[in-house]
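> Any chance you could fold what I've pasted below:
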Amino acid sequence: MKFKELVKEAYYDMEDDDHSRYDIDDITRPRLTLMHLGRLRKMREMKKYEAEERQKFFKFIYGKQAEE
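As a prediction, the model looks like this:
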């Protein structure tokens, strides 16, 4: 999956997140659907990609310099 697709699909929007919100008079807990699991997977992939990019950046900054 390309990064642009990942960002477009995995973007978190608070107004769209009604899964974690419930009223005090709700008896049952909200159900976890395949849509929610898909979002969680995409968020995990985004975090993994960002961590890999950060590692590359840190290796570039703090890595050994080429000898001249």
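
> tally of neighbours for Met43?
14 (other C-beta atoms under 10 Å). For glycine as for every other residue, the C-beta is placed from the backbone atoms N, C-alpha and C.

> That one and His36: what is the separation?
With distances taken as C-beta to C-beta, to the nearest Å, Met43 is found 11 Å from His36.

> ok, now Glu45?
Applying C-beta to C-beta to Glu45 and His36 gives a distance of 15 Å.

> From Gln65, how far off is Lys47?
From Lys47 to Gln65 the distance is 30 Å (C-beta to C-beta).

> Pick out whichever of the two has more residues nearby.
Neighbour count, other C-beta under 10 Å: between Lys47 and Gln65, Lys47 has more, with 11 against 5.

> Could you report the pLDDT at that one?
On pLDDT, Lys47 comes in at 94.

> and Glu52, what element?
helix 34-62 (DSSP states H and E).

> which secondary structure elements does that helix contact?
helix 3-10 (3 or more C-beta pairs under 8 Å, 6 or more residues apart in numbering; DSSP states H and E).

> Against His36, how distant is Lys42?
11 Å.
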